[in-house]
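J.: The following block contains a protein sequence and its predicted model.
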Amino acid sequence: MTEPIQPGAVLGVLGGGQLGRMFTLAARRMGYWVDVFAPEDDTPAGQIAYREVRAPYEDLAAVERFARGVSVITFEFENVPAATAEAAARHAPLRPAGTLLETCQNREREKLALRRHGIPVAPFAVIRGPEDLEAAAAIGFPAVLKTAAWGYDGKGQRRVDEAAALEPAWRALGGGPAVLERFVDFAAELSVVGARGLDGAIALYEPILNRHADHILDLSLCPAPLPTAWRRDALDLARTVLEAFDVVGVLCVELFALADGSLLVNELAPRPHNSGHLTIDAHGCSQFEQQLRAVCGLPLGSTERLVPAAAMANLLGDLWQAGPPDWSAALAEPGLRLHLYGKDRPRPGRKMGHLTVVGPSVEAAEQHAVAARLALRPRSEPAGEGLAT
Ligand code: AMP
């Protein structure tokens, strides 16, 4: 059995975004050092890290130098190139493994792997070239066309309502490898964040209910106000995925819940997930501490919820359009915790931070989170504009 990596060690993170920042905050609290590798400087994670190494992911010599200085490497950015992951893994354990990263960063590979493991997904077809279009149309319409690579937050996606619209949609998305998926008329979207340790132990957070706006996560609610059977089946599916994909680390399973009571897996994220941010304020051990425990070979932490309910609302750059948000208005809310990611360029749709409200019921937490976010709007801004809700 490999020795656990103890406090005082240096942990390496590939990627400098907010997921790395929250991981680094958890790690530093526990007495670890964190080095961050990112192609930009002054990144959200780098601001908190011990060292921030700025180099392109393609600079494999820099990746190897970075890896030699750390005890373990994890990632917060899913599109780390395979060669970078391999170079890093030559000098330090990469957890989760590069093979999982490679599977999850490509929708075709991910869907095929899910299907191979017998995990339910929406009917889909793989499109590698124009010759595949006709056969792909057989899955039926409406459908959603998704580029195989570089997809997140609805990027590289088009809804296609009829066969005649498929080829133009595919060309508009660049005419590259893609997946055509049946449009799912879901009743709800859920996610389960889970962790699996080096010893195979699994810890799952309860399912979280997610609401999206413009394909970007807007609100997450916990406990998910949903029938027990959905919640139980969601946990079973997540456990199956963690085992089937031999995960060491944290992984989020995004699910569609259908009106007939069944569940389909939409996507996997082999890292902490936006919907799990509420675990920082609501659960015994946050998803970021859990990632640290899993990749360091430590016992997994408690996934028990310590408050009756929590709601997380994302803060997108849109909120800054008419000037800086009115922070004191939101901070007047007693159960509210503010998380900002240290980004200085608030573009529309860019995730700048989030707020979590804990409360006596999920309805109350949701209501207060939405109200607090509305109260953030600069006073000069007319109601009903500028906020992606
Ligand atoms: P994704 O990037 O694949 O997670 O998609 C982002 C969001 O788009 C999802 O959370 C859903 O709200 C929506 N979406 C994706 N795929 C489908 C589908 N097959 N049917 C209906 N909605 C979808």
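T.: It's in. Predicted model only: the values in this text are computed from it and were never measured.

J.: what are the C-alpha coordinates of stretch 230-248, in PDB please?
T.: Taking only C-alpha atoms (Å, rounded to 0.1, in the frame of the first residue of the first chain), the coordinates of stretch 230-248 have been written out as PDB:
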ATOM      1  CA  TRP A 230     -34.400   9.200  -8.000                       C
ATOM      2  CA  ARG A 231     -32.000  10.100  -5.200                       C
ATOM      3  CA  ARG A 232     -31.200   6.500  -4.500                       C
ATOM      4  CA  ASP A 233     -30.800   5.600  -8.200                       C
ATOM      5  CA  ALA A 234     -28.600   8.600  -8.700                       C
ATOM      6  CA  LEU A 235     -26.300   7.400  -5.900                       C
ATOM      7  CA  ASP A 236     -26.200   3.900  -7.300                       C
ATOM      8  CA  LEU A 237     -25.300   5.200 -10.800                       C
ATOM      9  CA  ALA A 238     -22.500   7.400  -9.400                       C
ATOM     10  CA  ARG A 239     -21.100   4.500  -7.400                       C
ATOM     11  CA  THR A 240     -21.100   2.300 -10.600                       C
ATOM     12  CA  VAL A 241     -19.300   5.000 -12.600                       C
ATOM     13  CA  LEU A 242     -16.600   5.600  -9.900                       C
ATOM     14  CA  GLU A 243     -15.900   1.800  -9.900                       C
ATOM     15  CA  ALA A 244     -16.200   1.200 -13.600                       C
ATOM     16  CA  PHE A 245     -13.800   4.000 -14.400                       C
ATOM     17  CA  ASP A 246     -11.400   3.100 -11.600                       C
ATOM     18  CA  VAL A 247     -11.400   6.700 -10.400                       C
ATOM     19  CA  VAL A 248      -8.900   7.900  -7.800                       C
END
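
J.: State the pLDDT value of the residue of the chain found nearest the ligand.
T.: Closest residue of the chain to the ligand, C-beta to the nearest ligand atom: Val184 (3.7 Å). For every residue, glycine as well, the C-beta is placed using N, CA and C. Note for Val184: predicted pLDDT of 97.

J.: Please list all residues in contact with it.
T.: Listed by C-beta atoms under 8 Å, 6 or more residues apart in numbering, the contact set of Val184 reads Ala122, Phe256, Leu258, Leu264, Asn266.

J.: and the strand or helix carrying Ala135, anywhere near the ligand?
T.: Using DSSP states H and E, Ala135 falls within helix 133-136. No - with C-beta under 6 Å from any ligand atom as the measure, helix 133-136 is seen stopping short of the ligand, the closest distance being 13.7 Å.

J.: Which helix or strand lies directly C-terminal to that helix?
T.: Downstream of helix 133-136 (by DSSP H and E), the next one is strand 143-147.

J.: hmm, back to that, restricting to the contacts of Val184, which residues neighbour the ligand?
T.: Near the ligand, by the rule C-beta under 6 Å from any ligand atom, you find Ala122, Asn266 out of the contacts of Val184.

J.: Take the contacts of Val184 and keep only those in strands.
T.: Phe256, Leu264, Asn266 (DSSP state E).

J.: Go through this structure and flag its longest helix.
T.: Criterion DSSP state H: the longest helix present in the chain is helix 228-244.

J.: Show me which positions of it end up buried.
T.: Buried residues in helix 228-244, counted by 16 or more other C-beta atoms under 10 Å: Trp230, Arg231, Asp233, Ala234, Leu235, Leu237, Ala238, Arg239, Val241, Leu242.

J.: ok, now stretch 107-121?
T.: For stretch 107-121, by 16+ other C-beta under 10 Å, it's Arg107, Glu108, Arg109, Glu110, Lys111, Leu112, Ala113, Leu114, Ile119, Val121.

J.: Secondary structure for those - can I get that in a markdown table?
T.: Below are the buried residues of stretch 107-121 laid out as a markdown table (DSSP: H, G, I helix; E, B strand; the rest coil):
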| residue | secondary structure |
| --- | --- |
| Arg107 | helix |
| Glu108 | helix |
| Arg109 | helix |
| Glu110 | helix |
| Lys111 | helix |
| Leu112 | helix |
| Ala113 | helix |
| Leu114 | helix |
| Ile119 | coil |
| Val121 | coil |
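
J.: closest to Gln18 among the contacts of Val184?
T.: Asn266 (21.6 Å; C-beta to C-beta).

J.: That closest one: neighbour count?
T.: By the criterion of other C-beta atoms under 10 Å, Asn266 has 19 neighbours.

J.: Dump the contacts of Val184 to CSV, plus pLDDT.
T.: Shown next, in CSV, are these (pLDDT from 0 to 100):
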residue, pLDDT
Ala122, 98
Phe256, 98
Leu258, 97
Leu264, 98
Asn266, 96
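
J.: Would you point out the most distant pair within the contacts of Val184?
T.: Taking C-beta to C-beta, no two of these sit farther apart than Leu258 and Asn266, at 11.7 Å.

J.: Tell me who's in contact with the residue nearest to the spatial centre of the chain.
T.: Closest to where the C-alpha atoms of the chain average out (C-alpha atoms, centre = their mean) is His273, at 2.9 Å. Applying C-beta under 8 Å, 6+ apart to His273 gives the contacts Ser191, Val193, Cys252, Glu254, Gln287.
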